[in-house]
Structure formats: C-alpha cells, structure tokens
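# Sequence unavailable; structure follows:
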C-alpha cells in the first residue's frame, strides 16, 4: 500500500486516485467536499427467518455478513478552473474493475484504514449550479469483502520446529511479535488488533517435506502432503481456501484435513512444523474491523 493520505476525513480510491474531501484539488484546481458517507457502519447481515412450529416465536439465522454498498455524496467546487475535465477525471478514477481495489479512509481517531471494493461509477446531474462552478456528485462502490482492514500489512517469519505436535507447550518462545515484521523459533503469537477474525496468507518456503501449520489457540492443524524444493513456494490463502504452488499450480489436494481457520481477534499462537527441511513459514495479514 502506498496511499499518502494524511489529512483527516479524506478518501481515496487506488493508491494514486483523486483525494476526496481535501481542501484543494490536483494542482490547486477543482476539489470535492464530501458531505455524507453511507456503508461504513455495520455491514448488512445475511438473515434467514423461520417460524418455530407448534409454539410462539421463531428462529433467526444471522451469522454472516453481506457485502457493503458504499456511497459518498458531496459537491464539486471548480475553484476557478474548468469543471468538466475534473468530472472526466473522477469518472476515469471510478471506472469498472475486474478485481477489488483499495479504497482508503483516514480518521483522526484510528488512522488509515482500507476496504477492497469494486467501483460503480460517479453520478451527477447537469444543473444550473454548474454556471457558478459547483455540481452535486455521488460516488458508488461495492465491497465484496465487508471487512474494514488496517492499511498496513503485518507479517511474521517462523523457523521450523523440531517435531510435529499440537497443544500449547511451556515455556513459550520469546520475543513474541505484535505487528510489524519479526522472526522467531518454534512458534509465535500473531496479534489481530481488530474486533473480528481476519484472513491471512501463509507462505511455505522450501526445502520442506510435509509442511504443517498448527493453531494452538483454536486447536486446529493444516498439514500438506507435499515435498517442496529449495526454490518452491506453497501459498495458502486462509480466507479463500486456496493452495497454490509457485503462484499458479493448484495444490488444494495436498491438504490432509481442511481444518481452515481465520486469525481470531486478539492473539493467536501459531507453530510451524515439517517432517524434514530447513525452510520458513511467513504469515501475512491485516487486522480487521466490522
């Protein structure tokens, strides 16, 4: 992430997109004053209601969230410059994307956060206000993943342990890592500072035989029946449940048992094991909020 947002209450699509709600536009030209933002509160729940037969009342299933519709309403101010080229720039910035792209929000209380969205364009009418160098404008986006993430990636590199085991053993290994990048023997606490579980990318770097990720906090193990050479990388996406060798080859079939998990809010103790080898395991993630 290379967004340079520093002004509170500003918004930006993509790392180099137009900064919204800034007091000046690109080159001191037109700018956008954002007045209303919708869709950054609780994401809508996916609800199923059914009656409780034979008695009063009913049941509600609302375990999961839907994607977020995000809408920003504001006003464009020409600031003494032509307004139409600036509107063209905004439309180009919010053009359709095949994959989700970063949408940044900076708040003075919590700092810079990011959602991954598909932009849905810019809406505005041609009104008499244009004669005076202003125009009402609306920005639309949809976040397929409803999580609000920390803009900064955290990562930890674990070296291979001596045996394959489960359960939390004592004494624990120090130093524990709390954000940033760190390296440790045996195992490590991985801290998700948000208020909801978050996915992570786990990369096994060879040489390794039967690489294994152990979540001591939840008592779950992901073991892969595969041999990696010194130049191989096995990338495991805990959110999307994918396993890829060297970036492209699907190796989901190497997973011995699909004990998938997300990083719990707070601290999760992870261990790295293998039957043989001298490789490493790298865990990369972002803290996540509702």
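Great, that's in hand. In this text the structure is predicted, and so the values were computed from the model without any measurement.
# Output the below-cut-off pLDDT ranges for this structure.
Within the chain, the segments meeting pLDDT under 70 span 1-4, 162-186.
# Where do the helices of it begin and end?
Taking DSSP state H as the test, the helices found in the chain are 84-93.
# top strand in it by residue count?
The single longest strand within the chain, with elements called by DSSP state E, is strand 111-123.
# on contacts alone, who are the packing partners of that strand?
For strand 111-123, the elements it packs on are strand 68-77, helix 84-93, strand 101-107, strand 134-143, strand 148-150, judged by 3 or more C-beta pairs under 8 Å, 6 or more residues apart in numbering; DSSP states H and E. All C-beta spots, glycine's among them, are computed from the backbone N, C-alpha and C.
# What strands flank the last one, and is each parallel or antiparallel?
Spelled out, it's strand 148-150. As defined by DSSP bridges, the strand partners of strand 148-150 come to strand 111-123 (antiparallel), strand 288-289 (antiparallel).
# Take those and write them to CSV, including mean neighbour count and distance to residue 229.
As requested, those are exported to CSV (neighbours: other C-beta atoms under 10 Å; distance: least, C-beta to C-beta, whole Å):
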stretch, mean neighbour count, distance to residue 229
strand 111-123, 19, 33
strand 288-289, 19, 34
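# how about these, which one is nearest residue 26?
Minimum separation from residue 26 across these (C-beta to C-beta) falls at strand 111-123, 15.5 Å.
# If I take that closest one and strand 68-77, what angle do their directions form?
For strand 111-123 and strand 68-77, the angle between their directions (axes from the mean of the first three to the mean of the last three C-alpha atoms, to 10 degrees) works out to 80 degrees.
# what does strand 111-123 contact?
1, 3, 5, 13, 68, 70, 87, 90-91, 93-97, 99-107, 137-145, 147-152, 286, 289 (C-beta atoms under 8 Å, 6 or more residues apart in numbering).
# Nearest to the spatial middle of this structure, which residue is it?
The structure's the chain has its C-alpha centroid closest to residue 149; by C-alpha atoms, centre = their mean the separation is 4.9 Å.
# tally of neighbours for the residue found closest to that one once you drop the neighbours it is linked to in the chain?
Once flanking residues are discounted, residue 149 sits nearest to residue 286: 4.1 Å by C-beta to C-beta, 6 or more residues apart in numbering. For residue 286, the count of nearby residues is 22 (other C-beta atoms under 10 Å).
# For residue 286, give its distance to residue 154.
Computed with C-beta to C-beta, to the nearest Å, the distance linking residue 286 and residue 154 is 7 Å.
# Check residue 57 too.
Taking C-beta to C-beta as the measure, residue 57 falls 44 Å from residue 154.
# Look at these two and report which has more neighbours.
Higher neighbour count among residue 57 and residue 154: residue 154, with 23 against 6, using other C-beta under 10 Å.
# in the sheet, who's paired with the more buried one?
The residues that residue 154 bridges to, once DSSP bridges is applied, are residue 285.
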